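K.L.:
Below is the structure, and that's it, no one-letter string:
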Ligand code: KIV
Ligand code: ZN
């Protein structure tokens, strides 16, 4: 396996599904899991088996049909959770149990009314329980973003010794700045003696809009797995967006990383997830928003029509999106108007366009967007006048 492969751990069906209104039934989860596998993700976190009979059944059914990706079930550091996850995953070709506990002083005190030593022992115990069911055990140190680095390093070393194959360092509250998160990962790389025996994973939340930036800082710091969701769905402000990290890694080849994701399927899966989860994508969302490849201001449109690279760093074809659009608004210029009229079959010269543009602006000031019907109307009226003269 290449040292610079970034494993894509998709948690759309677990963290993404925690979003109010996004709940999925087993059939919907199975359909999405098959699409995620086709997309090329490495790990599918299928659910939290102890949380409900429905989620148990989803993890169980997904385990039966997924052939290439690992199938993962979430647990707390609780014996019963882990036993139930082991049972739910029993048909998986590549099962993974994802277990863990809060490690920040705030979580230790407020959630567990405990102390660092006790939490360390519970973490080790959870990994050992999970090892009774599967070889591949991922440990999460919840709220690692706000966990003291020295203590975090002790926990990570201990769980790897207990058999963890992946150590997840979640910025659960989306608190870290990119350089802080990157330094945290680098600290673990440099201070955990057995770190070479596990993969470090980034699991970042978007409370300050930094989830993607933090995940990228994490892999630069030495992590080799990113936990993410389609459309960035997830608790509160969401998780790292899968499509964003995949395209950053692809666009910035100088970083030397790669993923197994087929980028051409990014827009189709985004639409499928939005429909199935009943959660529309914001129009200005990177890569998959309806405006991601639309140009509406005159300056941009003029440059784009001369050379698309002036205002587009990604060819929409590369990410399975519809072709770039020239949208006509009151901020559009003559070249965009001429382009759109030409597409409708009208061939006007510069003088014609100058006159038509004044008419266009009158409509554009009244409407949010000038549409095809409006253009046909303007062009038709102009041609009639010309003929009459
Ligand atoms: O955000 C978080 O810390 C989590 C863990 C359960 C991995 O989702
Ligand atoms: Zn999370």
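P.N.:
Great, that's in hand. These figures come from a predicted structure and were not determined experimentally. Ligands and ions are numbered 1, 2, ... in the order given.

K.L.:
Just to be sure, residue 99 is in a helix?
P.N.:
No: counting by DSSP: H, G, I helix; E, B strand; the rest coil, residue 99 is not found in a helix; it is strand.

K.L.:
Contact partners for it?
P.N.:
74-77, 81-82, 85, 126-127, 129-130, 137-140 (Cβ atoms under 8 Å, 6 or more residues apart in numbering). C-beta: built from backbone N, CA, C; applies to glycine.

K.L.:
if we look at ligand 1, which of the residues you listed are close to it?
P.N.:
By Cβ under 6 Å from any ligand atom, the members of these lying near ligand 1 are residue 140.

K.L.:
by contact count, what packs against the helix or strand harbouring residue 274?
P.N.:
According to DSSP states H and E, residue 274 maps onto helix 266-276. Helix 266-276 sits against helix 26-39, helix 242-251, with contacts defined as 3 or more Cβ pairs under 8 Å, 6 or more residues apart in numbering; DSSP states H and E.

K.L.:
In contact with the residue nearest the centre of the chain, which residues?
P.N.:
Ranked by distance to the mean C-alpha position of the chain (Cα atoms, centre = their mean), the top residue is residue 241 at 1.8 Å. With contacts defined as Cβ under 8 Å, 6+ apart, residue 241 is in contact with 211-212, 228-232, 285-287.

K.L.:
can you check residue 50 too?
P.N.:
Taking Cβ under 8 Å, 6+ apart as the test, what residue 50 contacts is 56, 75, 80-81, 84-85.

K.L.:
go with 10 Å
P.N.:
Applying Cβ atoms under 10 Å, 6 or more residues apart in numbering to residue 50 gives the contacts 56, 73-76, 78, 80-85, 87-88.

K.L.:
For those, which single residue is the most surrounded?
P.N.:
Taking other Cβ atoms under 10 Å as the neighbour criterion, residue 73 ranks highest of these with 35 neighbours.

K.L.:
Confirm that residue sits in a helix?
P.N.:
No: Residue 73 sits outside any helix when classified using three-state DSSP, being strand.

K.L.:
next helix or strand past the helix holding residue 274?
P.N.:
With DSSP H and E, the next secondary element past helix 266-276 is strand 294-295.

K.L.:
residues in the stretch 201-350 of the chain within reach of ligand 1, list them.
P.N.:
203, 205.

K.L.:
tell me the SS of the residue in the stretch 201-350 of the chain positioned nearest to ligand 1?
P.N.:
Among all residues of the stretch 201-350 of the chain, residue 203 sits closest to ligand 1, at 5.1 Å; criterion: Cβ to the nearest ligand atom. For residue 203, the assignment made with three-state DSSP gives strand.

K.L.:
What is the burial count for it?
P.N.:
Residues near residue 203, counting by other Cβ under 10 Å: 33.

K.L.:
returning to that earlier point: which ones among the contacts of residue 99 map onto helices?
P.N.:
Secondary structure defined by DSSP state H assigns 81-82, 85, 126-127, 129-130 of the contacts of residue 99 to helices.

K.L.:
I'd like those residues laid out as JSON lines, including pLDDT.
P.N.:
Output for those, formatted as JSON lines (pLDDT from 0 to 100):
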{"residue": "81", "pLDDT": "98"}
{"residue": "82", "pLDDT": "98"}
{"residue": "85", "pLDDT": "98"}
{"residue": "126", "pLDDT": "99"}
{"residue": "127", "pLDDT": "99"}
{"residue": "129", "pLDDT": "98"}
{"residue": "130", "pLDDT": "99"}
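
K.L.:
Name the nearest of these relative to residue 317.
P.N.:
Comparing the ones in helices among the contacts of residue 99 against residue 317 with Cβ to Cβ picks out residue 85 as the nearest, at 40.5 Å.

K.L.:
So which bits of the stretch 1-150 of the chain are right by ligand 1?
P.N.:
Going by Cβ under 6 Å from any ligand atom, the residues of the stretch 1-150 of the chain near ligand 1 are 15, 140, 142.

K.L.:
Tell me the pLDDT of the second one.
P.N.:
Among the per-residue scores, residue 140 holds a pLDDT of 99.

K.L.:
Nearest to ligand 1 among the contacts of residue 50?
P.N.:
residue 74 (6.0 Å).
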